[in-house]
Every structure is written in structure tokens, then in C-alpha cells.
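*Asks:* sequence and predicted structure, then a few things I'm wondering about:
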Protein chains: 2
Amino acid sequence: MKSTDGLRSRKQQILEEAAKLFRTKGFKGTSLQQIAEKVGMEGPSLYNHIKSKHELLSILVMNNARVFNERITEIHTSSLGSMEKIDRVISLHIELTVVNPDAMSLMLSEWAHLESEEKVEYVRLRDSYENQFKQILEQAMAEGEVVQMDVNFMMFMILSTLRSLYAWCARYRNYNRLEMETYLKQGILKGILTKA
Amino acid sequence: MKSTDGLRSRKQQILEEAAKLFRTKGFKGTSLQQIAEKVGMEGPSLYNHIKSKHELLSILVMNNARVFNERITEIHTSSLGSMEKIDRVISLHIELTVVNPDAMSLMLSEWAHLESEEKVEYVRLRDSYENQFKQILEQAMAEGEVVQMDVNFMMFMILSTLRSLYAWCARYRNYNRLEMETYLKQGILKGILTKA
DNA sequence: GTCTATAATGGGATAGAC
DNA sequence: GTCTATCCCATTATAGAC
């Protein structure tokens, strides 16, 4: 059958159900039988569509990691000002989280279960991402746009919030995205105090 | 034998090794044999000290959760001002994270594998913690000390950073704690911008 | 309290009929 | 492409010798 049969191909459907289950029960805590059940087939039938259980995790995590890396490279190598770049990085996280919160959650919490070769590539992509973001922050700091602080620590604080966004999206489903974006940027850039 | 034998009792030793392994490989990804190996015994021998694998997770997660809840209740019910309370909550997170980063990491990422009764109690403790923190933030907001914002979202932003601290501690082992505390409070309260 | 042997279960993956 | 039957292995937990 062609993949144009339904709106989503069978493999896509499997990937989506796997992502949901991996997210809530963990990669190790999810069985192929459970995934198969969600898609409406028996466990072994999955092997007509996938190579292994690890392949599911690999596709979900690595696709997301590659997109992230490409997008931040776009921002990093652009001619925008440093503060504009920081603004775009925050927007990037929000966009990718809203589009696919399951993949985001998985990427951040289950990557350790990737098989060794891919795990190496994942870490490389993540490091590349963090280095580019760090350089943006260093530039902003050198230009006096942001306060003097250990740049690693500043990055840690910002990424902590951005990386937890998927949990927020899960709890408050239909939260207004623009409102979220506004509050988030305000909080990260200006803090919560009313008085300087 | 008495538990005064070594510096740590046998059970304590098992708990510590289990915490480290659960943290890096996950609860489901860690076998009793692996824990036993770290302690220097065979898998089944563990059962002379523990009731089950789940008991290990339960002790590690629930102890931490109970301490957290007690400590925030102390802060919440005190007569301190709202901003002072927020300051103490941040310090509380730093203290408990520095003292036992493994337990903190586990509590936040592996609680879903608790057995059903304890999972219910864990969620109750976590909700209690969040509600008390939310009330502190609401008070600060009502007094005009912090900016007007969805209080749930403000709490989410603050807790995102505080709950990720264990990862920071793991990466930069001997980071100066006072410096960390200063930067963290500055970042959360005043943001990263130089200009208001 | 520690060991070896072993039960009991569940899960990933393959074979082969349809 | 889906099914049932099956293999193989890891893992939790127990039994019983020492």
C-alpha cells in the first residue's frame, strides 16, 4: 500500500504512539507489545515497519536533535545583533516544543538509551548547539547588553527554563502561545522583580 | 552486626550505589546485579538487606520528597516577608541539591516508577509543595514586589531553573556554592539584561 | 549474611503460515 | 502485512546449603 492511504503512514503512526509511550513510561519501561496495541496490531507485526525498538528511539531523538542544530546554526551565523539572536533562540525553543512536545521531552530525557554510535553523534550535536548558544551569549556580554556572569551558568539558567517547556505545554494544553512567549522572554531577560 | 561497623551501614551503602545507578541508567535500566556488584556482593544477597528493588527507589524518592515538603512548610508558615520567603525557597533548593544531587535527580525523573500507593503520596507531597510556593508568589505579587504574571507560569520558570540544578552540580563539581547562589538569585530576580 | 541454584516472568526478535 | 508460535535472554525474586 502507498503511504498516501491515510493521512499518516503506518510507520509515522507507530512513531507517534512510541513517542507518547516512551515519554510517559520511559524507553526501557515501554514494551513493543504496548506500542503495537496502540496502533492496533500484534507486537511482532511491528517488524514489518521497523528494524528494532532502538530504531524508534533513534529516529525520534536524532531527527529532533538535527533540526535543533540546523536552526541554531542559522541564527548563529546570521548577521543579526546579539540580543536579536537570543530572542530568536528563545522563539526557536518555543516553536519546536509546541510543534512536537513528545519528541522534545524524549530528546532531553531518553537520549542516554541510544545505541553507542548514535549516542556519540547526539552528544556532538548537543555540544555544537550549546557552543553556538554560548558564543551568542559571550558576544552579548562583551557588548555590555547582558550582565557579567559565568557564561556557562547564564546559559544553564536560560536553557533550564527552555528545556522544561514541554512539561508546561503538557499541563496547560491550550495555553496561549504568544502570551507564553511574552512572559518567558520577560522572565528570562528582566527577571520577576518590579523594581530594579 | 551493628550498623556502627563501618561509617555507613550496609543498607546505606546499597542505597547510595543504587541512587547513582538509577540516576545514570534509570530505574528500569538498572539491574540488581549491577547494584550488588558496586557494593561487592552477588545479586540475590541484596535481599538480606532490602525487601525489593522498588523499596530502594521508594526510600530514595520519598525521603527527599518529605524533607522538601517539611522545609517549605516551615518557610511558608513563618512570619517572614514574601520576598524573604522566595529567597529562602531558592536557598532550600540549592542546599538540598548540593547535599544529595543523586536523590534530587531521582526524585524529579524517576518518581513515575514508584508503586501505585507511593506514587499517589508522592504526587500529594509535590502538589503540596507547589501550592505553598504558589501562595508565596501570589502574596509577593499582591504586594507589588514582583511583576504581574500568571502565577503558575512564574512558578514554572523559577522551578525549572531550581530543578535543573543537579545537572549543573554534576557538570561543574567543585563550583563555588555561594557564587552559584548569588548568580541564581540575580538571574531569577533581575534577569540577564544590564538595562531596565 | 553470603553464596549457588533455580524458579518465574517478561520482553526483543525471528520463522513461517496465511 | 499480519498473524501465531517460538527462541533466547535478562531480570526479579526465592530456596536452601554453608
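*Replies:* It's in. Residues are numbered from 1 along each chain as shown, chains lettered A, B, ... in the order given.

*Asks:* so does the lengthiest helix in chain A get close to DNA strand C?
*Replies:* Longest helix in chain A, counting residues (DSSP state H): helix A:116-142. No - using CB under 7 Å from any atom of the strand, helix A:116-142 stays clear of DNA strand C, with a minimum separation of 13.8 Å. Yep, even glycine has a C-beta here, placed from its N, CA and C like the rest.

*Asks:* list the buried residues of the helix or strand that contains A:Glu70.
*Replies:* Element membership for A:Glu70 (DSSP states H and E) is helix A:53-76. For helix A:53-76, burial by neighbour count (16 or more other CB atoms under 10 Å in any protein chain shown) applies to A:53, A:56-62, A:64-65, A:67-69, A:71-72, A:75-76.

*Asks:* cool, stretch A:38-50 as well?
*Replies:* Applying a neighbour-count criterion of 16+ other CB under 10 Å, one finds A:Val39, A:Leu46, A:His49, A:Ile50 buried in stretch A:38-50.

*Asks:* give me the nearest residue to the third one, chain neighbours excluded.
*Replies:* Of all residues not flanking A:His49 in the chain, A:Lys11 sits nearest, at 4.9 Å (CB to CB, 6 or more residues apart in numbering or on different chains).

*Asks:* count of neighbours near that neighbour?
*Replies:* A total of 16 residues lie near A:Lys11 under the criterion other CB atoms under 10 Å in any protein chain shown.

*Asks:* please tell me how far it sits from DNA strand D.
*Replies:* Relative to DNA strand D, A:Lys11 is positioned 8 Å away (CB to the nearest atom of the strand, to the nearest Å).

*Asks:* and what of A:Leu46?
*Replies:* 8 Å.

*Asks:* contacts only, for that residue.
*Replies:* A:Leu46 makes contacts with A:Ile14, A:Leu32, A:Ile35, A:Ala36, A:Val39, as judged by CB atoms under 8 Å, 6 or more residues apart in numbering or on different chains.

*Asks:* nearest to B:Ala142, of those?
*Replies:* A:Ile35 (48.1 Å; CB to CB).

*Asks:* what angle do the host helix or strand of that closest one and helix A:53-76 make?
*Replies:* A:Ile35 belongs to helix A:32-39 when assigned by DSSP H and E. Interaxial angle of helix A:32-39 relative to helix A:53-76 (axes from the mean of the first three to the mean of the last three CA atoms, to 10 degrees): 70 degrees.

*Asks:* helix A:32-39 near chain B at all?
*Replies:* No - contact between helix A:32-39 and chain B is absent, the nearest approach being 13.3 Å (criterion: CB under 8 Å from any CB of the partner chain).

*Asks:* just the buried positions in that helix, please.
*Replies:* Buried residues in helix A:32-39 (16+ other CB under 10 Å): A:Leu32, A:Ile35, A:Ala36, A:Val39.

*Asks:* say whether DNA strand C is contacted by that helix.
*Replies:* Yes - counting by CB under 7 Å from any atom of the strand, contacts between helix A:32-39 and DNA strand C involve A:Leu32, A:Gln33.

*Asks:* what helices or strands is that helix leaning on?
*Replies:* Secondary-structure packing of helix A:32-39 (3 or more CB pairs under 8 Å, 6 or more residues apart in numbering or on different chains; DSSP states H and E): helix A:10-25.

*Asks:* the helix it packs on - contacts with which helices or strands?
*Replies:* If you count contacts as 3+ CB pairs under 8 Å, 6+ apart, helix A:10-25 packs onto helix A:32-39, helix A:53-76, helix A:101-110.

*Asks:* now the shortest one - C-alpha only, PDB.
*Replies:* It stands for helix A:32-39. Listed next in PDB are the C-alpha coordinates belonging to helix A:32-39 (Å, rounded to 0.1, in the frame of the first residue of the first chain):
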ATOM      1  CA  LEU A  32       6.800  -3.300  21.800                       C
ATOM      2  CA  GLN A  33       3.500  -5.000  22.600                       C
ATOM      3  CA  GLN A  34       2.300  -1.800  24.200                       C
ATOM      4  CA  ILE A  35       3.200   0.200  21.200                       C
ATOM      5  CA  ALA A  36       1.600  -2.400  18.900                       C
ATOM      6  CA  GLU A  37      -1.600  -2.300  20.900                       C
ATOM      7  CA  LYS A  38      -1.900   1.400  20.400                       C
ATOM      8  CA  VAL A  39      -1.500   1.100  16.700                       C
END
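
*Asks:* next, the angle helix A:10-25 makes with that helix.
*Replies:* 120 degrees.

*Asks:* now the most centrally placed residue in chain A: how far from A:Val61?
*Replies:* Taking CA atoms, centre = their mean as the criterion, A:Met104 is the residue nearest the geometric centre of chain A, at 3.2 Å. To A:Val61, A:Met104 is 10 Å away according to CB to CB, to the nearest Å.

*Asks:* could you do A:Gln13 as well?
*Replies:* Note on A:Gln13: its distance to A:Val61, by CB to CB, is 18 Å.

*Asks:* likewise A:Val123?
*Replies:* Noted for A:Val123: a distance of 11 Å to A:Val61, by CB to CB.

*Asks:* so for stretch A:99-107, what's the average pLDDT?
*Replies:* Stretch A:99-107 carries an average pLDDT of 97.

*Asks:* so how far is it from its chain's centroid?
*Replies:* Centroid separation for stretch A:99-107 versus its chain: 5 Å, with CA atoms, centre = their mean, to the nearest Å.

*Asks:* okay, buried residues for it please.
*Replies:* Within stretch A:99-107, the residues that count as buried by 16+ other CB under 10 Å are A:Asn100, A:Pro101, A:Asp102, A:Ala103, A:Met104, A:Ser105, A:Leu106, A:Met107.
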